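Novice: generate coordinates for the sequence data below:
(2 chains)
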Amino acid sequence: MICMPKPDEATLARRAQIVDALRRLLPGERVIDSVRERQAFECDGLSAYRQLPMVVVLPSTTEQVAAVLRFCHREGIKVVPRGAGTSLSGGALPLADGVLLGLSRLNRVLDIDVANHCVVTQPGVTNLAISDAVRHLGFYYAPDPSSQIACTIGGNIAENSGGVHCLKYGLTTNNILGIEIVTIEGEVIRLGGKQFDSPGYDLLGLMTGSEGLLGVVTEVTVRILPKPPTARALLIGFPSVEQAGQCVADVIAAGIIPGGMEMMDKPAVHAAEAFVKVGYPLDVEALLIVELDGCATEVDDLIGRVEAISSANGASSTRISTTEAERLAFWAGRKAAFPAVGRISPDYYCMDGTIPRKALPRVLAGIREMSERYGLGVANVFHAGDGNLHPLILYNANNPGELERTEAFGGDILKLCVEVGGVLTGEHGVGVEKRDLMDVMFSAVDLNQQQRVKCAFDAQGLLNPGKVFPTLHRCAELGHMHVHGGQVPHPDLPRF
Amino acid sequence: MTSLRPESLKDLQDIVIDAAAHGRPMEIRGGGSKRGLGQPTAPDSRLELDGLSGIVSYDPAELVLTARAGTPLAEIEALLADKRQLLAFEPPTWRKLLGSDARTPTLGGTLACNMSGPRRIKAGAARDHFLGFTAVNGFGESFKAGGQVVKNVTGYDLSKLMAGSYGTLAALAEVSIKVMPRHDESRSLLILGLDNEAAVAALADGLNAPHEVSAAAHLPPAIAAHSALSAAFPGTPITALRLEGPPSSIAFRAQALRELFAARGQLVDLQEAESERFWREISEVNDLLPGNDRAIWRLSLPPSASPKAMATVLRDIDAIGYYDWGGGLLWLSVAAQADGGAAVIRAAVASSGGHATLVRAPDALRAAVSAFQPQPAVLAALTRRVKDSFDPKRIFNPGRLYQGM
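Specialist: Here you go, the predicted structure:
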């Protein structure tokens, strides 16, 4: 298990005064003090880690957020921001001596501006609600993480969330025009707006994916896109994952960028089919879903080209959607893959590495070998188009030692991802989960540079400490650290 | 003037360590084509990065290319074209605009200045294609960030900070970018005769229709007169929308756009060669806004606000200009007297939350007017702290972005 920073005894000792002070800043109902109610916030989507927060506050205006942060900054109290709490990396894991700052009450869509191709919302609006708000006008918001019915746009910015359509339409960072943030000092700053590419450092781009360590997002301007007139999908079965992987590479090499291109291996296909019964072929080793969108002429043409490429790679079965209901049925199994795996195993642990596509066969073989070595099953779900893997490790938390073995297995998978030229996390974030693996990918010098950027925003390290960085340095120390051969002094510095 | 030209990452690091130790500021230069951009800066030392050149890795099926930062942009584009791929952000060179025609734009310089052309509205800016890098910061440390895969949220996205930093944070040594398949074919639909308000509304309608318009611009008559198209369409404003893709798809979408705009004005199809020449004019600016003695401004603002901003500016100063990015980008040519229109232009964009950059002007004007829209105090202070987190001794391009930084 990963350790969090040791709670500050002095802060814990004055908990009652802190709660009182927060109550004075916010109307009483928005400060949650009782153990029973605080329990609702003790974990996010990474439920293996739980911690009761010191106190929960739910402000409903930017001014209230600023007031809370100003108070915490002055008093030296840690703050953990939280959207809907769907993070799969523990990004919203509370701290025993920290204020949990929930943004769920900032939940209004403020402005639908079709002439400028954007929507302005508060951060607590869910991802799907943005698309819902503009659907009647023929638009949608492109990034679509699997949790889109629950996850908030503020959380999407913190994590730079992806989804099945980001191969063609980009991640959150490519679809945000502007944000309003509150700094830990309680200052309100607007970055970007309804226009493109503000001069000065791209702090909008930096904030996106910064996991709540740099500031709190209180307003968001997203780009909206016209809905493609046609979308159709192919469901293609292969006798081996290697052939499916080669098919993916050949589609991209042919100059085709599908709206989505997903792969599932046999265990994932079986779990999904047992759960949603949409007619997935059960005799295949790998299943591809390839979705093409655009005008009807182009989609028809691309369907034919993808079908030819899959045949050339030895596809054993191909179905092409002819109705919208059929296309949605193809996706239903994929979208339900995580809960489907949840039905066949008491617990599962979802990993999130990205690799160069060409390394797929090698990584899958490696995962198979590790699965045997660790004695734990694994089902693989991939955003194949962009090389983002989600191995789901099957385990039972009630068996002593099994979670630890699962985490070691997951760590080995991510190390392999980095070894083949990939990265630790494609879309779930580092959070708590991958924090101690950061030095697999980055040197001490690399991490120090990132932490100096953190210091520019939050010199006392009060915002979401214990996430992303394996070692906490004092900012003053980072300012004039001498590094020799990639090694900082005191490599034995304690990790919490 | 000392010129330092590293040929390896180690050289670069040694040079920066020495400069940091002596507190000696340096101008970072790739090919030198964009020296005229930003605030004038003239430190005694110059760090020439064109020696760090060459492709490191490129596998077309991965849609990722890694190259040393000083690699000429033209070399990258030729290599990609050979594999039927391209830089989707369509970077302009502005060589004629900036009077650096003999210079060679580099990939690193293109990213550091976040250069993006007409396709920005559909495909994103340079910043959206910048995946990762190795650089040397002002401490003389070689560090890396990001990666060589498209989907990556491991650590802060420092590539975004480098894009548009004008070399003020670190010296880029090696960069990884996302590349995209090249479209089979490209052509444009012109609408003739629209005034500015009607044109920007038409561009918005085109972009809001699901026809994947990849560029959208409008030239008022005074600007259209300088386009190569003026021979065929003299005296008329030109509004243009570009389509890219497979031929059958383009034919279908072009017909849909024709139906959408049937009642708005005379419609003209522009075939591939003419279309490409037209969008190069839009992207490279200099043909459309001639006159080397004039000040050139680039305004980014919400598209629907741009006709009014244009009208406000034209009411008060001697200017001409045109619209790109569906109206979200305004190019203005202004007489280079007094403040070159700075006060009027910046006031006109401020009400809509936009910003104005002085791209080119005579030296005296550049010295007197901030190239970039001034920042509110709180943001300016944060900007300085970010600068100091990379380069506390302020040895890289001092003053290039903002004075005193």
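Novice: give me the most central residue, the chain.
Specialist: In the absence of a named chain, chain A is used. A:His428 (2.8 Å; C-alpha atoms, centre = their mean).
Novice: let's do chain B instead
Specialist: Note: chain B centre (C-alpha atoms, centre = their mean) maps to B:Met115, 2.6 Å.
Novice: picking up where we left off before, next, the residue nearest to the centre of chain A: secondary structure please.
Specialist: coil (DSSP: H, G, I helix; E, B strand; the rest coil).
Novice: ok, B:Leu260 to chain A distance?
Specialist: Look at B:Leu260 and chain A: by C-beta to the nearest C-beta, to the nearest Å, they are 12 Å apart. Glycine gets a C-beta too; all of them are placed from N, C-alpha and C.
Novice: mind listing what's buried in the helix or strand containing that residue?
Specialist: Using DSSP states H and E, B:Leu260 maps to helix B:247-261. Across helix B:247-261, burial judged by 16 or more other C-beta atoms under 10 Å in any protein chain shown covers B:249-254, B:256-257, B:260-261.
Novice: try stretch A:103-112
Specialist: Buried residues in stretch A:103-112 (16+ other C-beta under 10 Å): A:103-104, A:106-107, A:109.
Novice: same question for stretch B:342-349.
Specialist: Under the neighbour-count criterion of 16+ other C-beta under 10 Å, stretch B:342-349 has B:342, B:344-346, B:348-349 buried.
Novice: can you give me how far that stretch is from the chain middle?
Specialist: 21 Å (C-alpha atoms, centre = their mean, to the nearest Å).
Novice: and it, average pLDDT?
Specialist: Across stretch B:342-349, pLDDT averages out at 95.
Novice: mind exporting it as PDB, just the C-alpha atoms?
Specialist: Extracted in PDB, the C-alpha atoms of stretch B:342-349 (Å, rounded to 0.1, in the frame of the first residue of the first chain):
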ATOM      1  CA  ALA B 342      -2.100  49.800 -29.800                       C
ATOM      2  CA  ALA B 343      -4.500  51.700 -27.500                       C
ATOM      3  CA  VAL B 344      -7.400  51.500 -29.900                       C
ATOM      4  CA  ILE B 345      -6.900  47.900 -30.900                       C
ATOM      5  CA  ARG B 346      -6.300  46.600 -27.400                       C
ATOM      6  CA  ALA B 347      -9.400  48.400 -26.100                       C
ATOM      7  CA  ALA B 348     -11.400  47.000 -29.000                       C
ATOM      8  CA  VAL B 349     -10.500  43.400 -28.100                       C
END
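Novice: residue contacts, residue 285?
Specialist: No chain was given, so I picked chain A. With contact set as C-beta atoms under 8 Å, 6 or more residues apart in numbering or on different chains, A:Glu285 has these partners: A:238-241, A:244, A:265-266.
Novice: you answered for a different chain; I wanted chain B.
Specialist: B:92, B:94, B:97, B:296, B:331, B:359.
Novice: which among the residues you listed end up buried?
Specialist: Looks like the contacts of B:Val285 have B:92, B:94, B:97, B:296, B:331, B:359 buried, using 16+ other C-beta under 10 Å.
Novice: tell me which residues touch the fourth one, please.
Specialist: The one in question is B:Ile296. Counted by C-beta under 8 Å, 6+ apart, B:Ile296 has contacts B:97, B:285, B:289, B:331-334, B:358-361.
Novice: try 7 Å
Specialist: B:97, B:285, B:289, B:333, B:359-360 (C-beta atoms under 7 Å, 6 or more residues apart in numbering or on different chains).
Novice: tell me the secondary structure at it.
Specialist: Per three-state DSSP, B:Ile296 ends up strand.
Novice: what of the last one?
Specialist: The three-state label for B:Val359, taken from three-state DSSP, comes out as strand.
Novice: can I assume it is in contact with B:Arg298?
Specialist: Yes. Assessed by C-beta atoms under 7 Å, B:Val359 is found in contact with B:Arg298 at 5.0 Å.
Novice: where does the stretch 1-150 of chain B come near chain A, residue by residue?
Specialist: Within the stretch 1-150 of chain B, the positions lying close to chain A (C-beta under 7 Å from any C-beta of the partner chain) are B:59-63, B:84, B:114, B:120, B:124-125, B:127-128, B:137, B:141, B:143-145, B:147-150.
Novice: so which of those belong to strands?
Specialist: Secondary structure from DSSP state E places B:59, B:137, B:143-145 of these in strands.
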